[in-house]
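**Student:** model this:
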Amino acid sequence: MATAQAQQCRRKFLHYFPEGFADSKYVDWERQYKADAHERWEEGLNRRTFHELLDAEQFAEVAARAIRIESRTNLLFSFEKMALRDAVKPARGARLFAEGLYAFLHGRGGDQQRFTEWVNTVDRLPRRQTRVLTWPVVTVFGFIAQPDRHIFLKPNVTRTAASRYGFPFEYHSRPDWPVYESLLDFAALVRRDLRDLRPRDLIDLQSFIWVQGSEEYAGRSFRPMLTTRLRAAPSKVA
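**Tutor:** I've put the predicted structure just below:
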């Protein structure tokens, strides 16, 4: 049985989206742009296409496609987008990114090994000014490419959501496997608690977490947010 804190979070979500994950407003505000990004990934960087580009040593093209797909979302901060673009401009950076991302998504080894190697790859990318190794950068491409398997981490929002849900989220700022595994455990608990609402994938679970932790959803009191910004669909900047 879900805890009292979890039930309160559920009520908050249903306050904004009475039909749950099937609510048209939910799809419009939270799900569709993420699902669209995944569809674009499947069109332009599916496993076969990705492999063919690597075989042809088209590393810059891989990086350009990945960044172009992400750029049509508002998942990353502008400074993270810029740092990533700068990191893959040199040929060395593009190759590191392309080969490392393929290994993360489609390589051998268990989840822990692949995630750890991906973190190490991002840490080795060329840095101009702003650091590239942030939780959003490390998790955004897995989330877009494989939302049945990977989740996106916005630190402040996720920590707030976990606290409100009563989940002991194990967090520190440098990306590593224990934190990511803790987030996946949080998402798995949310999935079990909301199984009657039929979450489709980690897009739905990440969106539920976002609603709990984002200031755009009026916090604990469920006060209606009578702003054009929220009614037009909140931007993901926390």
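
**Student:** domain map for the chain?
**Tutor:** 4-30+150-231, 38-133 (automatic domain parsing).

**Student:** okay, A2: pLDDT?
**Tutor:** pLDDT recorded at A2 is 86.

**Student:** how about the one 10 residues further on?
**Tutor:** For K12, the pLDDT comes out at 96.

**Student:** same question for R128.
**Tutor:** Note on R128: pLDDT of 82.

**Student:** list the contacts of it.
**Tutor:** Each residue near R128 by C-beta atoms under 8 Å, 6 or more residues apart in numbering is listed here: 83, 86-87. Placement of C-beta: from N, CA and C, glycine included.

**Student:** what's the spacing between it and A83?
**Tutor:** R128 sits 7 Å away from A83, going by C-beta to C-beta, to the nearest Å.

**Student:** hmm, what's the outermost residue in this structure?
**Tutor:** Of all residues in the chain, the one whose C-alpha sits farthest from the chain's mean C-alpha position, using C-alpha atoms, centre = their mean, is A56 at 29.1 Å.

**Student:** quick check: closest non-adjacent residue to the one residue sitting closest to the centre of the chain.
**Tutor:** By C-alpha atoms, centre = their mean, the chain has its centre lying nearest to F152, at 2.0 Å. Sequence neighbours aside, F143 is the residue nearest to F152 in space, at 3.9 Å (criterion: C-beta to C-beta, 6 or more residues apart in numbering).

**Student:** equivalent analysis for D23, please.
**Tutor:** In space, and not counting its chain neighbours, D23 is closest to F17: 3.8 Å by C-beta to C-beta, 6+ apart.

**Student:** counting neighbours, what do you get for that neighbour?
**Tutor:** F17 is surrounded by 22 other residues when neighbours are defined as other C-beta atoms under 10 Å.

**Student:** can you give me phi and psi for it?
**Tutor:** In this entry, F17 is assigned phi and psi values of phi -130, psi 80 (degrees, to the nearest 10).

**Student:** and stretch 42-59, how far apart are its ends?
**Tutor:** 18 Å (C-alpha to C-alpha, to the nearest Å).

**Student:** with stretch 46-61 instead?
**Tutor:** Counting by C-alpha to C-alpha, you get 14 Å between the two ends of stretch 46-61.

**Student:** how far does that stretch sit from its chain's centre?
**Tutor:** Here stretch 46-61 is found 23 Å from its chain centre; the criterion is C-alpha atoms, centre = their mean, to the nearest Å.

**Student:** same check, this time on stretch 84-92
**Tutor:** Average the C-alpha atoms of stretch 84-92, do the same for its chain, and the two points are 21 Å apart (C-alpha atoms, centre = their mean).

**Student:** stretch 151-168 now?
**Tutor:** Relative to the chain's own centre, stretch 151-168 is displaced by 13 Å; criterion: C-alpha atoms, centre = their mean.

**Student:** run through who's touching it.
**Tutor:** If you take C-beta under 8 Å, 6+ apart as the criterion, stretch 151-168 is touched by 3, 5-6, 8-9, 75, 135-136, 138-140, 142-143, 169, 171, 173, 179-180, 182-187, 189-190, 202, 205-206, 209-210, 212-214, 220, 236, 238.

**Student:** all helices of this structure, in order?
**Tutor:** Read by DSSP state H, the chain holds these helices, from start to end of the chain: 4-16, 24-26, 32-44, 47-55, 59-71, 78-88, 91-106, 111-124, 135-145, 155-165, 177-193, 202-213, 228-231.

**Student:** deepest-packed of those, please.
**Tutor:** The highest mean neighbour count among these, using mean count of other C-beta atoms under 10 Å, belongs to helix 202-213: a mean of 25.

**Student:** what's near enough to touch the closest residue to K25 other than its chain neighbours?
**Tutor:** Closest residue to K25 in three dimensions, ignoring its sequence neighbours and counting by C-beta to C-beta, 6+ apart: F17, at 5.9 Å. When contacts are counted by C-beta under 8 Å, 6+ apart, F17 is found next to 23, 25-26, 211.
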